[in-house]
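**Student:** please find the sequence and the predicted model below.
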Amino acid sequence: MARYKYIDTNPRLLPVDLAAQLLPGTLEHALHHLLGHVIDLSHFDARFRNDETGAPAYPPAMLLQVVLFAYAQGIVSSRGIERACREHVTCIALCGDTAPHFTTIAHFVSTLGDDIAHVFAAVLAICDAQGLIGREMFAIDGVKLPSNASKQRSGTRTDFARQATKLEAAAATMLARHRANDALPVEPVLEAKAVQRVERLTRDAAQLRDWLATHSDERRGAKGAIRKSNRTDNESAKMATGKGVIQGYCGVAAVDSAHQIIVEAQAHGTGSEQELLLPVVTALKPVLAPHTLVTADAGYHSEANLQALATLGVDALIADTAMRRRAFSRATSSTMPPRAPVSVPRASRCTEKDSRA
């Protein structure tokens, strides 16, 4: 009988050169080199006040390397990134085997603000210096993304005032019932759930009144129409998608045709793509060349946008809503050959009954 060597797969301590895990030509090597040695991250220093007292902080360069690499691998949760820093050898090499806690990662990501914009601008400058931006054509398109906000908390100031009045009336009714029970000779036991419901109704009504007091003006759209606000995330908006209505943002990106480098990216709390074309084109002005062509689909088409692009002197190719219908009708009428009528000789015609016979 054949004998084989025993393969031991149990955990063991092995000497690992972490720097050797970042192979040249890979994404992790580029992140480590650019964020650690090329891109200026000194603006992150203003976050900390631990020059003389306090514990040392994790370097922002290390956190950015780990987060961006994890995003590229499809890991988008802070707990998942922490687990990768303990188990994934590439993440272990990027973080120097320190494995930051998921709360540290979550706080870092949620407070990036404008600091991350400087990093992306520096990356774009490096790509431009390497000749990766051709400036022949920029394609603009977007996608609707859900936000961490409830659709039920959306509405106008009138809607919120009506909800607050309704909650206050319900709480008052329950309290009146409670006082009426107190006046009885034998007081019934007030259930704990009823007490909690009164407290919840009163608290929700107070939150609505506080929100109305701090947001005295209605949220307006581009044309002056009243737009629904959201008490959880007031910058997001309700928008229709192929999978129903979501509370979220419309993310728009402009991509260079040469190497698919994203040269501009924005997120807007509106579902109307027509409102988003000009902000993106305006942000593209520093990288536009006289020969650059901007393209977009029919969702960005409007007469106002075309006139504004002509005023800005930007060459653009934007489909209109009737483009496909015209192209299809032109193809069927001019390029497709007419179908010849098919005639069946009378002698060959027969019914199903005749064929069975």
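**Tutor:** That came through, no problem.
**Student:** longest helix in the chain, please.
**Tutor:** As assigned by DSSP state H, the longest helix anywhere in the chain is helix 157-182.
**Student:** helices or strands up against that one?
**Tutor:** helix 192-214 (3 or more Cβ pairs under 8 Å, 6 or more residues apart in numbering; DSSP states H and E). Every residue, glycine included, has its C-beta placed from N, CA and C.
**Student:** can you state the direction angle for the longest helix of the chain and helix 192-214?
**Tutor:** 150 degrees (axes from the mean of the first three to the mean of the last three Cα atoms, to 10 degrees).
**Student:** pull out the buried positions in helix 157-182.
**Tutor:** Arg157, Phe160, Gln163, Ala164, Leu167, Glu168, Ala170, Ala171, Met174 (16 or more other Cβ atoms under 10 Å).
**Student:** please name the nearest non-neighbouring residue to the first one.
**Tutor:** Leaving aside its chain neighbours, Arg157 sits nearest to Glu218 (5.7 Å; criterion: Cβ to Cβ, 6 or more residues apart in numbering).
**Student:** same check, this time on the third one
**Tutor:** Beyond its immediate neighbours in the sequence, the residue positioned closest to Gln163 (Cβ to Cβ, 6+ apart) is Leu208, lying 5.9 Å away.
**Student:** with the fifth one instead?
**Tutor:** Take Leu167 and drop its neighbours on the chain: the residue closest to it by Cβ to Cβ, 6+ apart is Ala205, 3.9 Å away.
**Student:** for the one you found, what are its contacts?
**Tutor:** Applying Cβ atoms under 8 Å, 6 or more residues apart in numbering to Ala205 gives the contacts Ala164, Leu167, Glu168, Ala171.
**Student:** other SSEs contacting the top strand by length along the chain?
**Tutor:** As assigned by DSSP state E, the longest strand anywhere in the chain is strand 244-256. When contacts are defined as 3+ Cβ pairs under 8 Å, 6+ apart, strand 244-256 packs onto strand 137-146, strand 237-241, strand 262-268, helix 277-284.
**Student:** again, only this time at 10 Å
**Tutor:** helix 115-129, strand 137-146, strand 237-241, strand 262-268, helix 277-284, strand 293-296 (3 or more Cβ pairs under 10 Å, 6 or more residues apart in numbering; DSSP states H and E).
**Student:** want to throw the contacts of Ala205 into JSON lines with distance to Glu275 and pLDDT?
**Tutor:** Converted to JSON lines, the contacts of Ala205 look like this (distance: Cβ to Cβ, whole Å; pLDDT from 0 to 100):
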{"residue": "Ala164", "distance to Glu275": "31", "pLDDT": "78"}
{"residue": "Leu167", "distance to Glu275": "34", "pLDDT": "79"}
{"residue": "Glu168", "distance to Glu275": "37", "pLDDT": "80"}
{"residue": "Ala171", "distance to Glu275": "40", "pLDDT": "80"}
